[in-house]
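Asker: sequence isn't available, so here's the structure alone:
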């Protein structure tokens, strides 16, 4: 059985195990009867703020939980519950290799391994996640990794010597976490709604939650088009990339103080979530956005060095550079025709449980504010709100869908695209 790979970045935990690729942000919700973690918990963060905890990975300890959240005694109990849920959803792998942020203290690492011993899997390796990602890149110049956690940003400086990359220092940037950045973005967008429509989406928890859910797709469109319209509760407001750039000012001011003046051959590696922040690429021309499977690539490449079965685990902070570096984000890409996505298998119906509904070329409503439209070479999703999952992955703007693709929107039952033969 293969070893599962778990990237413990609290703003987006990722686990690869066989055909499973799970993503689960560090949110814990107590419903009154049970705990929910990850996406399900995040979807109610604005609706039930007193039932949510987002600090349990960042403040991992055995101190009494304040404020209380159900029967959990401390944040360690919530971490244990989150690990258990990921393990179940990944098909119950027997072994895991963990990539951990350099901001985690020695005592927290020891507690994490103690918690893992109470889980139904064995931890067979432990590595600094910035070092693992940095090993994908070689060449001259300084190398930094910018990680945006939920409650802080972290800058790790890496050094390469003799074909090895190692951690030099890790510096936290308080007040620059994903939650703070989202709050500033929502404030700017809400101001636009009030100015343009006199509607304040923050006055009700439901519309505020919808605005938070719409943020990722909104930011992706802004990166491409520079402006977009957001629709909420029948109101529409126009926002631009430029006006939202003010949300990251604290990070834009704090990061250079840590990194100093960047030279042309320096590189700043950025996780995909952080790369969505408006204005970040303009402030850091040396920025290189990491592929969402970059950690999987790095851990699989170094597997022989990282696995430590039958011995005390060492926290690995030095790895050899891969011989072939990852293509930088700014490298010119091949012509679009070369990269054209192949047409998916034909689909004619949407299977919901045991009922098949014919697909309408003009648009088939899926619920949750989304619909399925016919395009030249397949089907595409259109809508707003929480990003749908297609085969357990976030839907990509412009992605072609066809027979066999499974669509999940929020907590609705999954829908399956099928072909009905005449």
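Answerer: Sure thing, it's come through. Since the structure is predicted, the reported quantities are computational estimates derived from the model, not experimental observations.

Asker: roughly how far is stretch 99-117 from the heart of the chain?
Answerer: Offset of stretch 99-117 from its chain centre (C-alpha atoms, centre = their mean, to the nearest Å): 21 Å.

Asker: okay, buried residues for it please.
Answerer: 99-104, 108-109, 111-112, 115-116 (16 or more other C-beta atoms under 10 Å). (Each C-beta comes from the backbone N, C-alpha and C, glycine too.)

Asker: again with stretch 267-281
Answerer: In stretch 267-281, counting by 16+ other C-beta under 10 Å, buried: 267-271, 273-281.

Asker: same check, this time on stretch 346-357
Answerer: In terms of neighbour count (16+ other C-beta under 10 Å), stretch 346-357 has its buried residues at 347, 349-351.

Asker: and which of the buried residues of stretch 267-281 is nearest to residue 28?
Answerer: Checking those against residue 28 with C-beta to C-beta, the nearest one is residue 273 at 18.8 Å.

Asker: now the closest residue to residue 117 other than its chain neighbours: how far from residue 178?
Answerer: Spatial nearest neighbour of residue 117, excluding adjacent residues (C-beta to C-beta, 6 or more residues apart in numbering): residue 123 at 8.0 Å. Between residue 123 and residue 178 the computed distance is 26 Å (C-beta to C-beta, to the nearest Å).

Asker: and the next element down the chain from the helix or strand the residue nearest to residue 117 falls within?
Answerer: Assessed by DSSP states H and E, residue 123 sits inside strand 122-128. Note on strand 122-128: by DSSP H and E, the next helix or strand toward the C-terminus is helix 129-134.

Asker: other SSEs contacting whichever helix or strand comes after that following helix?
Answerer: Where DSSP H and E defines the elements, the next helix or strand beyond helix 129-134 is strand 143-148. On a contact count with 3 or more C-beta pairs under 8 Å, 6 or more residues apart in numbering; DSSP states H and E, strand 143-148 meets helix 129-134, strand 152-161, helix 249-259, strand 267-270, helix 272-275.

Asker: can you lay out these as a markdown table showing mean pLDDT?
Answerer: Below are those laid out as a markdown table (pLDDT from 0 to 100):
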| stretch | mean pLDDT |
| --- | --- |
| helix 129-134 | 96 |
| strand 152-161 | 94 |
| helix 249-259 | 94 |
| strand 267-270 | 95 |
| helix 272-275 | 92 |
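
Asker: residue 14 - nearest residue in space that isn't next to it in sequence?
Answerer: residue 7 (4.4 Å).

Asker: pretty sure that neighbour contacts residue 101?
Answerer: No - using C-beta atoms under 8 Å, residue 7 makes no contact with residue 101, being 9.5 Å away.

Asker: okay, and the common contacts of those two?
Answerer: residue 129 (C-beta atoms under 8 Å, 6 or more residues apart in numbering).

Asker: so between residue 123 and residue 178, which is more surrounded?
Answerer: Between residue 123 and residue 178, residue 178 has the larger neighbour count (other C-beta atoms under 10 Å), namely 23 against 19.

Asker: endpoint to endpoint, stretch 142-152 covers what distance?
Answerer: End-to-end distance of stretch 142-152 (C-alpha to C-alpha, to the nearest Å): 23 Å.

Asker: pull out the buried residues from that stretch.
Answerer: Neighbour-count burial for stretch 142-152 flags 142-152 (criterion: 16+ other C-beta under 10 Å).

Asker: in a markdown table: those residues, plus distance to residue 415.
Answerer: Compiled in a markdown table, the buried residues of stretch 142-152 are given as follows (distance: C-beta to C-beta, whole Å):
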| residue | distance to residue 415 |
| --- | --- |
| 142 | 48 |
| 143 | 43 |
| 144 | 42 |
| 145 | 38 |
| 146 | 37 |
| 147 | 35 |
| 148 | 32 |
| 149 | 34 |
| 150 | 31 |
| 151 | 36 |
| 152 | 38 |
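
Asker: hmm, back to that, residue 398 versus the residue nearest to residue 117, what's the distance?
Answerer: Counting by C-beta to C-beta, the gap from residue 123 to residue 398 is 39 Å.

Asker: count of residues packed around the residue nearest to residue 90 when sequence neighbours are not counted?
Answerer: Beyond its immediate neighbours in the sequence, the residue positioned closest to residue 90 (C-beta to C-beta, 6+ apart) is residue 17, lying 4.0 Å away. For residue 17, the count of nearby residues is 23 (other C-beta under 10 Å).

Asker: report the contact partners of residue 17.
Answerer: Applying C-beta under 8 Å, 6+ apart, the residues near residue 17 are 2, 4-5, 90-91, 93.

Asker: show me what it bridges to in the sheet.
Answerer: residue 20 (DSSP bridges).

Asker: check the gap between it and residue 393 for me.
Answerer: In terms of C-beta to C-beta, residue 17 sits 15 Å off from residue 393.

Asker: what segments of this protein are helices?
Answerer: For the chain, the helices defined by DSSP state H occupy 39-42, 75-89, 106-117, 129-134, 178-197, 205-225, 241-244, 249-259, 272-275, 280-283, 294-301, 303-306.

Asker: out of the ones you listed, which is closest to residue 235?
Answerer: Checked against C-beta to C-beta, the stretch from the helices of the chain lying closest is helix 178-197, at 4.5 Å.

Asker: by contact count, what packs against that closest one?
Answerer: helix 205-225, strand 227-232, strand 235-240, helix 241-244.

Asker: now the shortest one: buried residues?
Answerer: Right, the one you point to is helix 241-244. In helix 241-244, counting by 16+ other C-beta under 10 Å, buried: 241, 243-244.

Asker: any idea which of the residues you listed is closest to residue 191?
Answerer: For these, the nearest to residue 191 is residue 243 (9.1 Å; C-beta to C-beta).

Asker: so where's the stretch 201-350 of the chain shaky on pLDDT?
Answerer: In the predicted model, the stretch 201-350 of the chain carries pLDDT under 70 at residues 323-343.

Asker: which parts of stretch 195-211 are buried?
Answerer: Applying 16+ other C-beta under 10 Å to stretch 195-211 flags 199, 201-202, 207-211 as buried.

Asker: what two of those are the furthest from one another?
Answerer: 199 and 209 (15.4 Å).

Asker: that older thread, okay, the angle between the strand holding residue 123 and strand 143-148?
Answerer: Here the directions of strand 122-128 and strand 143-148 differ by 120 degrees (axes from the mean of the first three to the mean of the last three C-alpha atoms, to 10 degrees).

Asker: now do strand 122-128: which elements does it pack against?
Answerer: strand 95-100, helix 106-117, strand 315-316.
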